[in-house]
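Enquirer: When you get a sec, could you give me coordinates for this:
(one chain, ligands or ions: 1)
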Amino acid sequence: MIRFDHVSKRFDDGTVAVDDFDLEVESHRLVVLLGSSGCGKTTLLRMVNRMVEPSEGRLLIDGVDVATVDPVKLRRRIGYVMQSGGLLPHRTVIDNIATVPRLSGTSRAATRTRAMDLLERVGLDSSLARRYPTQLSGGQRQRVGVARALAANPDILLMDEPFGAVDPVVRADLQQGLLQIQADLAKTIVFVTHDVDEAFLLGDDVLVLRRGAHVAQRGRPDDILLHPVDDFVSSFIGGDRRSLHVERHDDHPTVVDAGGRLVGRLADQPTAASHPIVRENS
Ligand SMILES: Nc1ncnc2c1ncn2[C@@H]1O[C@H](COP(=O)(O)OP(=O)(O)OP(=O)(O)O)[C@@H](O)[C@H]1O
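Expert: The predicted model follows:
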């Protein structure tokens, strides 16, 4: 479990990126932080692996304050996927995936086998293993980024707009890939995006954030879509414009917009069932 215990972050220049943010992310859940640029999403994510230290409050993983854990060791057991992929350009795909397990002392042979398995899991052909990042498409690079984040078999995955830089078709494919990975591996995932459709597709627990990482609304996609708490949320999710409503498709309740486009499937995502989610107003 990840616990943000009333964390705030004021940078040296006085910018308050995060103001008293409080959240528990239960293990094996996928939580989405949704908000527009500059609202503090990345800062929140980076506090989990100590790339940013909170000015106030604490961050706990399974009850342990991360401030007491060596940052290098901490980062080796938390997967992190960035929008840019963050791959090392001078290393092959296979070596990029293998970097963290090798640093952690896993044998070369075992690391290689695992890296090849991960390539397959993220939907890449093994023939790409010897390529360099510049020899891949943007979508392939992001898949390698996901494989690399999974390589040390972390319990936690932090994903910062990981699919933001690819075209919509590739993006949809990557999103489905992540849902499959989550169905198979059940990691604890904190996923950051400013894309409403992406948030509602992936998250069974979505936080809509205002500037300062204030929680405007937290809930399941259907709850937020159909019952936005205020004008800010309504306008941010574009609910008015899109005339969202629920229809049944393939026997699942599904959110559909005015043009008949499927926005997201509701409620029966596996990890949501046993955890009712409360709505919070800021
Ligand atoms: N190192 C820093 N020094 C000063 N201000 C910073 C620093 N890093 C971030 N900020 C500021 O903190 C606020 C939140 O930034 P953050 O990157 O967390 O937002 P975000 O929601 O992730 O935005 P984006 O989607 O554009 O990445 C912004 O006003 C940003 O300019």
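
Enquirer: Contact residues of the stretch 51-200 of the chain facing the ligand?
Expert: Within the stretch 51-200 of the chain, the residues that sit near the ligand (C-beta under 6 Å from any ligand atom) are His194. (Each C-beta comes from the backbone N, C-alpha and C, glycine too.)

Enquirer: just the helices in the stretch 51-200 of the chain please.
Expert: Taking DSSP state H, counting those that start in this stretch as the test, the helices found in the stretch 51-200 of the chain are 71-76, 93-103, 108-121, 138-150, 168-185, 196-202.

Enquirer: Which residues does the first one contact?
Expert: The one in question is helix 71-76. If you take C-beta atoms under 8 Å, 6 or more residues apart in numbering as the criterion, helix 71-76 is touched by Asn49, Arg50, Met51, Val66, Val100, Leu103, Ser104, Ala152.

Enquirer: repeat that with 6 Å
Expert: Asn49, Arg50, Val66, Val100, Ser104, Ala152 (C-beta atoms under 6 Å, 6 or more residues apart in numbering).

Enquirer: Adding distance to Leu207, neighbour count and pLDDT as columns, could you present these in TSV?
Expert: Listed next are the contacts of helix 71-76 as TSV, based on distance: C-beta to C-beta, whole Å; neighbours: other C-beta atoms under 10 Å; pLDDT from 0 to 100:
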residue	distance to Leu207	neighbour count	pLDDT
Asn49	19	21	95
Arg50	21	18	97
Val66	20	20	97
Val100	28	21	82
Ser104	32	13	77
Ala152	27	20	85
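
Enquirer: Most proximal residue of the stretch 151-282 of the chain with respect to the ligand?
Expert: The ligand sits closest to His194 of the stretch 151-282 of the chain, with a gap of 5.5 Å, by C-beta to the nearest ligand atom.

Enquirer: give me every residue that touches that residue.
Expert: Contact partners of His194, counting by C-beta under 6 Å, 6+ apart, are Ser36.
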